[in-house]
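K.L.:
Got a sequence here, can you build the structure:
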Amino acid sequence: MSTLEIRDLHVSVETKEGPKPILRGVDLTIASGQTHAIMGPNGSGKSTLASALAGHPKYTVTSGSVTLDGEDVLAMSVDERARAGLFLAMQYPVEVPGVSVANFLRTAKTAISGEAPALRTWGKEVKGAMENLRMDPAFAERSVNEGFSGGEKKRHEILQMELFKPRFAILDETDSGLDVDALRVVSEGVNRAKENTEVGVLLITHYTRILRYIKPDFVHVFVDGKIAEEGGPELAERLEEEGYDKYVGKTAPASV
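P.N.:
Coordinates of the predicted model:
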């Protein structure tokens, strides 16, 4: 079993006016096989948490710690974090013209594992994962995310999650821009990955609809760069009924 521990994490971003604090003391522990949902209004710092964990250079950790099985994540480069078992499904996946999906997947898998996957078994694994996500096999020869619809980009993110088999997956608003059918398919992919690998999931979302398909063990309400309330699935149900009004207005928003 693996454990991702976040302790008193403070993060700032550089602006024209100087450093702006975004995260203001985040404490969170995620164990293998657990699903933690981070919910909150716009501007609460949820995506900043995802980016800081992944090592985005735009964000500066000013204090606190992040450890993965006792190893200092903050001391790792972006690629070292990936090799250690962290995976980020981006809110806005980027296009990579000239690099095919097939080449990208095999190159990334090689970099993460330290050795190239066997072609015979890898091809079957990729084909099966694409079928499960209802992706046209022709996508393997297309440039990464170039010309993809929002739903296709999100399916490609979950395809990576299934193939790379991370220890912890951070899903940054994976449900945004998805219709009901695509949401169901993507959620099924996350659940398959959980069943097959015991991956721990940090699921960031505004809405409860994805939680109908991916059942959280814990729900955390994020406001002004920190966790304002914690609970089980029942907390998400309450948020569906009441919204975030009771939290908003007490403090200024942290960031988009």
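
K.L.:
Dump the strand or helix carrying A52 to PDB, restricted to CA.
P.N.:
Assigned by DSSP states H and E, A52 belongs to helix 46-54. Taking Å, rounded to 0.1, in the frame of the first residue of the first chain, the C-alpha atoms of helix 46-54 are listed here in PDB:
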ATOM      1  CA  LYS A  46      -8.400  23.400  -6.600                       C
ATOM      2  CA  SER A  47      -6.600  23.300  -9.900                       C
ATOM      3  CA  THR A  48      -3.600  25.000  -8.300                       C
ATOM      4  CA  LEU A  49      -3.300  22.000  -5.900                       C
ATOM      5  CA  ALA A  50      -3.300  19.700  -8.900                       C
ATOM      6  CA  SER A  51      -0.700  21.700 -10.800                       C
ATOM      7  CA  ALA A  52       1.500  22.100  -7.700                       C
ATOM      8  CA  LEU A  53       1.500  18.300  -7.000                       C
ATOM      9  CA  ALA A  54       2.500  17.700 -10.600                       C
END
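
K.L.:
what packs against the helix or strand immediately after it in the chain?
P.N.:
Using DSSP H and E, the helix or strand that directly follows helix 46-54 along the chain is strand 59-68. Packing partners of strand 59-68 (3 or more CB pairs under 8 Å, 6 or more residues apart in numbering; DSSP states H and E): strand 3-15, strand 18-31, helix 46-54. Quick note: C-beta positions are derived from backbone N, CA and C, even for glycine.

K.L.:
and with 10 Å instead?
P.N.:
If you count contacts as 3 or more CB pairs under 10 Å, 6 or more residues apart in numbering; DSSP states H and E, strand 59-68 packs onto strand 3-15, strand 18-31, helix 46-54, helix 78-84.
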